[in-house]
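Q: below: sequence and its predicted model.
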Amino acid sequence: MSTTTDRFARTLGWASLALGAAQVTAPDAVTRLAGVDDSPAARGVTRLAGGRELMHAGVLLGGRAPARWAWTRVAGDALDLALLGRALAGRRGERRRRVAFATAAVAGVTALDLICAVRGTRSGPAPIELRASITVNRPREEVYRFWRDLENLPAFMAHLESVRPVGQGRSLWTARGPMTDVRWEAEIVEDRTGERIAWNSVRGAAVTTNGTVSFTAGPAGRGTVVDVAMEYTVPGGALGTAFARLLGEHPGQQVRDDLRRFKQVMETGEVVRSEGSPEGTRALRQLRQHPAQPVGGRS
Amino acid sequence: MKATCWTGRNSVEVLDVPDPRMLNARDAVVRVTSTAICGSDLHLVDGYIPTMKKGDILGHEFMGEVVEVGPEVRNLRPGDRVVVPFPIACGGCFACEDGLYSLCENSNPNAGMAEKLMGHSPAGVFGYSHMLGGFAGGQAEYARVPFADVGPIKIEDDLPDEKVLFLSDILPTGYMGAEMCDIKPGDTVAVWGAGPVGQFAVAGAHLMGAERVICVDRFPYRLRYAERAGAEVLDYEQVDVLDALRDMTGGRGPDACIDAVGLEAHHPTPAMYAYDRAKQATRMETERPYALREAIMACRNGGVVAVVGVYGGLVDKFPMGAIMNRSLTLRAGQCHVQRYMRPLLERIRAGDIDPSFVVSHRLPLSEAPRGYELFKNKLDDCNKVVLTP
């Protein structure tokens, strides 16, 4: 996503903040300017619109990639235009002139918002890039060997159901998606013993993914540093990703937790369980814990 | 089985819950014979530690008899009598190998939650919120003990429960507070908080050769306990602590200060107390750090402030200027209990210390809620409650 578009979006955010603050603190001045000060409802409506502007400001100034949030402003503009359209119909003379001027101004701003929002989303479903590192207190060879046996991956990667080798460096991966299982074929494209493994999904797979994991000796013999970098595009594009996030499976958290479980398996022999998440942790499980008491027939 | 459960803020109930079930190959199940209520349990009950869930079993100080061991536990067998340390530690990670058991890198399945609040995650702890693992606690008839091949210490002679139970937390915690002070001959150590941990910090400081130990609290009966452990005492509602400590140390201040109070401290001036109480109630800070602030201000130039009182999150009005400009060393930590259990058990056996002096109330497990009530409100001169299932 371009940084110019994000800067543009931030400017719109500041504009929302200024307008929202004015609407909330001095609604009368705003209604006068817009020519609707004759309506008894105008003051309340302006305050509400001001609150909405402040929400736009919140998401545009608070987010890391604000451009796509300009869509919220576009929606707000549509609402404002509808309200102003109604106001225009019932007014004559000086007031009508002011309402018309306000409508033109909002229409101009709508165009800007639209440009920003479209630019912000046009880059399309950018692949999700994930990085995470962990230090495992085991020798490099051993850590590499465990990972290289891809059938081990589901033991610590919560979203993976299974990885089945199908020969010639290829394997069939099955993952639990938010709705249904997702399957794809991947192949190992680089394999340097004890150092690095890289894989790609094969052409035509439902999930486009590639990743590398590298193993380096920690400083002064402190185990093995495992660095993972992954990229993938999920079915459903940006919408699928947003949906997955809504369900609590934030991909960044997921990969960090995966590595943590990998470390547990390497250092303690298995994934550590507690009464709060007796089936082993998933990112989802961290949010919806079982009470910390034994799970049994009754509870 | 019966278990003491957190059922909401200021609400503890003994409920029927399922019996523990093995979840990992290195688990053991212990039939609890004695368990205690810790001052830090009060922080949970009072609602200051986030990520508690209704139904969570409380308790991290317990001991008992092993009734079942997982296939990977080779050093214990059913019938063994064990004391269980409160931090859960795997023994195989970098932190454990370094003796920093309360920082075990593998024992908190919910490390992701703790990282959000603290940057990195400490070890999992029995019965101490989901952020610290979501492990069922030990104030129950039975408890599952993960990494049973690393933590529990076998008691092979006939020492009664009350002499060894506190190896699980408060004895090593107080002792580590004193150890962090790097006590040298002639040193004066001041301890804030005359609760059981403070009392053991007093005892620990003496074991390490402190010349004088001064203990600060406001409950006369608790100050008497501290006196019995060998401290001179200051009642902060009667005297100005900073002045008194200056007077007692030739104007220098104590060489080391131990905060054995933590996040629910009290202040003798109502306005000062109200200030932090209000900020805490509105979650603008999570702690009321009076003891810590005072310990820092009191400490002599170049001295050590050791924190073993529990803090959960953010502290306000923290005298960083005093720490920096006066070259103070601030040390802190949840106790690395596993590191101290064996040497302290030896000292108990040798008669150097008898930790059972802290016990004031013995109640059946079914009366745990009353135990919490007595302990929290310091009723009936309550100092330490031991529950027996």
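A: Now that the structure is in, tell me what you want to look at. Numbering: from 1, shown residues only, chains lettered A, B, ... in the order given.

Q: which residue is nearest the centroid of chain B?
A: For chain B, the residue whose C-alpha lies nearest the mean C-alpha position (CA atoms, centre = their mean) is residue B:170; its distance is 5.0 Å.

Q: isn't it up against residue B:61?
A: Yes - if you go by CB atoms under 8 Å, residue B:170 and residue B:61 touch, sitting 7.0 Å apart. From N, CA and C alone the C-beta is placed, and that goes for glycine too.

Q: which residues do these two both contact?
A: Shared between the contact lists of residue B:170 and residue B:61 (criterion: CB atoms under 8 Å, 6 or more residues apart in numbering or on different chains) are residues B:36, B:38.

Q: measure whatever residue of the stretch 101-250 of chain B ends up closest to chain A to residue B:124 for me?
A: Of all residues in the stretch 101-250 of chain B, residue B:134 sits closest to chain A, at 1.9 Å by CB to the nearest CB. Taken as CB to CB, to the nearest Å, the spacing of residue B:134 relative to residue B:124 amounts to 8 Å.

Q: joint contacts of those two?
A: A:274, B:109-110.

Q: redo those as CSV? Include neighbour count.
A: Formatted as CSV, the shared contacts of residue B:134 and residue B:124 follow (neighbours: other CB atoms under 10 Å in any protein chain shown):
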residue, neighbour count
A:274, 28
B:109, 30
B:110, 26
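
Q: outline the domain layout of chain A.
A: Listed domain ranges for chain A are A:4-122, A:128-286 (source: automatic domain parsing).

Q: quick check: which of these is nearest to chain B?
A: Distance to chain B, taken as CB to the nearest CB, is lowest for domain A:128-286 among the domains of chain A, at 1.9 Å.

Q: got the contact list for the residue of the stretch 101-250 of chain B closest to chain A?
A: For residue B:134, the contacting residues are A:274-277, A:289-290, A:292, B:53, B:56, B:109-110, by CB under 8 Å, 6+ apart.

Q: now, which of those residues sits nearest residue B:29?
A: Within those, distances to residue B:29 taken as CB to CB reach their minimum at residue A:275, with 12.5 Å.

Q: separation between the closest one and residue B:86?
A: With CB to CB as the criterion, residue A:275 and residue B:86 are 16 Å apart.

Q: same check on residue A:20?
A: On the measure of CB to CB, residue A:20 and residue B:86 end up 50 Å apart.

Q: who has more neighbours out of those two?
A: residue B:86 (29 against 21; other CB atoms under 10 Å in any protein chain shown).

Q: helix/strand/coil for residue A:166?
A: The three-state label for residue A:166, taken from DSSP: H, G, I helix; E, B strand; the rest coil, comes out as strand.

Q: okay, it: pLDDT?
A: As predicted, residue A:166 sits at a pLDDT of 91.

Q: what's around it, how many residues?
A: Close neighbours of residue A:166, defined as other CB under 10 Å, add up to 11.

Q: residues in chain A within reach of chain B, list them.
A: If contacts are counted using CB under 8 Å from any CB of the partner chain, the residues of chain A sitting beside chain B are A:135, A:137, A:222-223, A:253, A:256-257, A:260, A:263-264, A:267-278, A:280-281, A:283, A:286, A:289-299.

Q: try it again at 7 Å.
A: If contact is defined as CB under 7 Å from any CB of the partner chain, the residues of chain A in contact with chain B are A:137, A:222-223, A:253, A:256-257, A:260, A:263-264, A:267-270, A:272-278, A:281, A:286, A:289, A:291-299.

Q: of those, keep whichever come out buried.
A: A:137, A:223, A:253, A:256-257, A:260, A:263-264, A:267-268, A:270, A:272-278, A:281, A:286, A:289, A:291-295 (16 or more other CB atoms under 10 Å in any protein chain shown).

Q: quick one: which of the domains of chain A is nearest residue B:19?
A: domain A:128-286 (12.0 Å).

Q: shouldn't residue A:165 be in contact with residue A:171?
A: Yes - with contacts counted by CB atoms under 7 Å, residue A:165 reaches residue A:171, the gap being 4.8 Å.

Q: burial check on residue A:193, number of neighbours?
A: Burial of residue A:193, expressed as a neighbour count using other CB under 10 Å, amounts to 12.

Q: next one, pLDDT for it please.
A: Reading off the per-residue confidence, residue A:193 sits at a pLDDT of 96.

Q: contacting residues for it?
A: For residue A:193, the contacting residues are residue A:144, taking CB atoms under 7 Å, 6 or more residues apart in numbering or on different chains as the criterion.

Q: ramachandran coordinates for it?
A: phi -50, psi 130 (degrees, to the nearest 10).

Q: rewinding a little: so what sits against both of residue A:165 and residue A:171?
A: By CB under 7 Å, 6+ apart, residue A:165 and residue A:171 have these common neighbours: residue A:150.

Q: and the two? Which one has more around it.
A: Neighbour tally, residue A:165 and residue A:171, criterion other CB under 10 Å: the higher count belongs to residue A:171, 20 against 13.

Q: tell me which element the more buried one falls in.
A: With elements taken from DSSP states H and E, the one containing residue A:171 is strand A:170-176.

Q: with residue A:232 instead?
A: strand A:224-233.

Q: same for that strand, what does it pack against?
A: Other elements packing on strand A:224-233 under the criterion 3 or more CB pairs under 7 Å, 6 or more residues apart in numbering or on different chains; DSSP states H and E are strand A:128-136, helix A:140-148, strand A:208-217, helix A:251-268.

Q: what residues does the stretch 101-250 of chain B put near chain A?
A: Taking CB under 7 Å from any CB as the criterion, the contact residues of the stretch 101-250 of chain B with chain A come out as B:105-107, B:109-113, B:124, B:127, B:130, B:133-136, B:146.

Q: which pair in those residues spans the largest distance?
A: Farthest-apart pair in these is B:105 and B:136; separation 21.7 Å (CB to CB).

Q: look at these two and report which has more neighbours.
A: The residue with more neighbours, out of residue B:105 and residue B:136 and counting by other CB under 10 Å, is residue B:136; that gives 30 against 27.

Q: next, the contact list for that one, please.
A: By CB under 7 Å, 6+ apart, residue B:136 lies in contact with A:275, A:292-294, B:20, B:57, B:127, B:143-144.

Q: how close does residue A:120 sit to residue A:128?
A: When distance is defined by CB to CB, residue A:120 is 17 Å away from residue A:128.

Q: more neighbours: these two, which one.
A: Higher neighbour count among residue A:120 and residue A:128: residue A:120, with 21 against 18, using other CB under 10 Å.

Q: now the lengthiest strand in chain A: buried residues?
A: For chain A, the strand that runs over the most residues, judged by DSSP state E, is strand A:181-192. When neighbours are counted by 16+ other CB under 10 Å, the buried residues of strand A:181-192 are found to be A:182, A:184-186, A:188.

Q: cool, and stretch B:217-236?
A: Applying 16+ other CB under 10 Å to stretch B:217-236 flags B:217, B:219, B:222-223, B:225-226, B:229-236 as buried.

Q: go ahead and name everything in contact with that stretch.
A: For stretch B:217-236, with CB under 7 Å, 6+ apart as the criterion, the contacting residues are B:191, B:193-195, B:198-199, B:202-203, B:206, B:212-216, B:237, B:241, B:244, B:266, B:268, B:357-358, B:378, B:381, B:383.

Q: could you turn the buried ones of the residues you listed into a ChimeraX selection?
A: A single ChimeraX command is used to select the members of these judged buried by 16+ other CB under 10 Å:
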select /B:191,193,194,195,198,199,202,203,206,212,213,214,215,216,241,244,266,357,358,383
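
Q: which of the contacts of stretch B:217-236 fall within helices?
A: Residues from the contacts of stretch B:217-236 lying in helices, with DSSP state H as the criterion: B:198-199, B:202-203, B:206, B:241, B:244.
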